[in-house]
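> got a sequence here, can you build the structure:
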Amino acid sequence: MTGVETNRAMLRHFVATAFAFEKPDHLAVAVSGGGDSMALLHLLAEWAREEKVRLQAVTVNHGLRPEAAAEARFVAEVSERLRIKHTTLNWAGQNATGNIQDAARRARYRLMADWAKGQGISTIALAHTADDQAETFFMRLARASGIDGLTGMQRRRVSDGITWVRPLLMQERFELRQYLRELHEPWVDDPSNDDEAYERVKARRAMEELTKLGIDAHVVGRVMDHLSQVRSALDFATHDHALDCVREDRGDLIIDRRRFAEGAPEVNRRLVDAALRWISSADYGPRGMKLQEFLSAMMRGRDATLHGVRLLGGKGSFRLTREHAAVAGTVALPGALWDGRWVVEGIENQDYVVRALGEDGLLQLGERPEDAPPRESLIASPALFEGNTLISAPLAGHGPATARLIHPKGGFHTALLSH
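So this is what the prediction gives:
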């Protein structure tokens with residue numbers, strides 16, 4: 001077998017392995033037009049034909065560069081030649097303030113997830129490489145990230161109801177471009193990849209220097225794998241600690257103060273970070289310093305608010321509940337998901353809506369059952385209204401409707417091991 005054949009066979013193997021655990025019937029691939037994603041498009045086109053998997057391609061045009069529209073058309077043309085349906089999604093957030101690159105990245109994932117759900121697609125393949133992984137490592141190292149940040153991107157991750165798969169995370173950029181050259185297939189180069197105003201480009205330049213010392217993308221990848229094993233051990237330790245000191249109560253978390261205090265500082269930090277993400281249904285936790293201040297408030301028995309979650313102190317325990325201000329504007333129809341984790345059922349009426357109980361709903365409740373959650377929990381709980389009239393407040397035992405907790409990550413203790 002020639003070197004060319006070996007490279008192609010190796011790449012095909014990694015793509016097939018990425019879906020060996022769970023082969024989707026309908027798959028999407030995110031394609032920008034760059035060398036990495038174009039290589040993945042061709043590899044998946046071949047694999048999908050052999051495996052009889054329906055494949056679609058999607059490109060997000062952020063509108064940040066004049067070349068972006070032409071690049072999307074280029075991807076569409078190649079996809080058509082490969083007999084793959086292609087869609088271009090346009091972002092309308094070019095006037096966003098602050099970190100525009102981060103805003104664009106978040107928008108890209110959100111747009112693709114929403115589009116995929118509309119297409120009946122549950123899996124999207126991304127073309128991140130070993131080089132991307134190494135660059136991410138050094139970017140996060142510069143920010144003094146903790147163990148979670150330094151473990152980098154995962155090969156498979158479920159977020160926002162979509163499974164994101166990175167089949168090429170162990171391959172280097174030059175291998176993918178060599179593959180495209182062998183196929184005589186073109187790609188486009190993004191000029192921003194050479195703009196040192198961007199943090200990732202600076203990390204790339206640093207990697208070029210470190211390679212002279214024998215520190216290349218594969219070496220960094222092995223270090224990140226070791227750190228991933230450390231993270232897994234911490235996850236299990238946090239899970240065991242949570243079994244000992246945390247219980248669920250109608251969407252809230254009750255933490256035993258004495259048992260919590262017996263935990264190691266890093267385990268407690270991870271437990272609270274996971275609790276904040278679980279209650280708020282967020283993919284990411286708060287920044288380190290804010291989390292540390294929240295932990296300090298817990299240990300002092302003080303109330304606090306962070307990440308859309310209220311901390312209610314008590315003598316023997318803490319209660320973590322949803323912050324009313326975080327859900328005050330959230331509205332859903334009965335039977336639909338509310339606040340990313342609740343479904344109110346039992347009554348069908350097109351004039352009814354689900355929203356937070358709030359102070360106005362609390363006034364309409366009258367006397368509450370003795371076992372009802374505290375006031376702070378109730379006002380942030382799902383309730384059924386017709387206009388301003390309260391119809392039902394399930395968590396307060398008021399009215400005929402019921403509320404089911406349908407969390408995408410499962411129960412809290414399960415979520416601790418769901419990386």
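> how is the protein partitioned into domains?
Domain ranges of the chain: 3-222, 244-323, 325-405, per automatic domain parsing.
> make a markdown table out of those and add mean pLDDT.
Converted to a markdown table, the domains of the chain look like this (pLDDT from 0 to 100):
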| stretch | mean pLDDT |
| --- | --- |
| domain 3-222 | 90 |
| domain 244-323 | 94 |
| domain 325-405 | 94 |
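> want to try CSV for those domains, with mean neighbour count and distance to residue 234 as columns?
In this view, the C-beta of every residue, glycine as well, is placed from N, C-alpha and C. Shown next, in CSV, are the domains of the chain (neighbours: other CB atoms under 10 Å; distance: least, CB to CB, whole Å):
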stretch, mean neighbour count, distance to residue 234
domain 3-222, 17, 7
domain 244-323, 18, 6
domain 325-405, 17, 25
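> in a markdown table: those domains, plus distance to residue 413.
Shown next, in a markdown table, are those (distance: least, CB to CB, whole Å):
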| stretch | distance to residue 413 |
| --- | --- |
| domain 3-222 | 17 |
| domain 244-323 | 7 |
| domain 325-405 | 14 |
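> skip the chain neighbours and tell me the closest residue to residue 40.
Leaving out its chain neighbours, the residue that sits closest to residue 40 by CB to CB, 6 or more residues apart in numbering is residue 127, at 4.2 Å.
> go ahead and confirm the one you found touches residue 30.
Yes - Residue 127 is within contact range of residue 30, at 7.0 Å (criterion: CB atoms under 8 Å).
> hey, what's in contact with both of those two?
Common neighbours of residue 127 and residue 30 (criterion: CB atoms under 8 Å, 6 or more residues apart in numbering): residue 37.
> which ones are touching residue 138?
203, 206, 207, 220.
> now for the lengthiest helix in the chain, which elements pack on it?
Looking across the chain with DSSP state H, the single longest helix is helix 217-245. Helices and strands touching helix 217-245, by 3 or more CB pairs under 8 Å, 6 or more residues apart in numbering; DSSP states H and E, are helix 130-142, helix 147-150, strand 252-256, helix 257-261, helix 265-280, helix 412-415.
> now the element after that helix, going C-ward?
Once the chain leaves helix 217-245, the next helix or strand it forms, by DSSP states H and E, is strand 246-249.
> adjacent strands (with direction) for that next one?
With DSSP bridges as the test, strand 246-249 is paired with strand 252-256 (antiparallel).
> any idea of the angle the strand it pairs with forms with helix 217-245?
80 degrees (axes from the mean of the first three to the mean of the last three CA atoms, to 10 degrees).
> so strand 252-256 versus helix 265-280, what angle?
Strand 252-256 and helix 265-280 are oriented at 160 degrees to each other (the same axes, to 10 degrees).
> list the contacts of residue 355.
Residues near residue 355 by CB under 8 Å, 6+ apart: 330, 331, 332, 338, 382, 383, 385.
> in a markdown table: those, plus distance to residue 394 and secondary structure.
Shown next, in a markdown table, are those (distance: CB to CB, whole Å; DSSP: H, G, I helix; E, B strand; the rest coil):
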| residue | distance to residue 394 | secondary structure |
| --- | --- | --- |
| 330 | 16 | coil |
| 331 | 16 | coil |
| 332 | 14 | strand |
| 338 | 11 | strand |
| 382 | 7 | strand |
| 383 | 7 | strand |
| 385 | 13 | strand |
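> from these, which is closest to residue 64?
Proximity of the contacts of residue 355 to residue 64 (CB to CB) peaks at residue 330, which lies at 30.3 Å.
> correct me if wrong: that closest one contacts residue 339.
Yes - at 5.4 Å, residue 330 and residue 339 qualify as touching, with contact defined as CB under 8 Å.
> what is the mean pLDDT for stretch 409-419?
Average pLDDT, stretch 409-419: 84.
> residues touching it, excluding its own?
Residues from elsewhere that reach stretch 409-419, judged by CB under 8 Å, 6+ apart: 154, 157-158, 231-232, 235-236, 238-239, 242-243, 246, 248, 253, 271, 274-275, 277-278, 407.
> looking at this structure, which strand is longest?
Using DSSP state E to define each element, the chain has its longest strand at strand 54-61.
> by contact count, what packs against that strand?
strand 26-30, helix 35-51, helix 68-81, strand 85-90, helix 100-119.
> and the closest residue to residue 397 other than its chain neighbours, which of the three is it?
The shortest distance from residue 397 to any non-neighbouring residue, by CB to CB, 6+ apart, is to residue 369 (4.8 Å). Judged by DSSP: H, G, I helix; E, B strand; the rest coil, the three-state class of residue 369 is coil.
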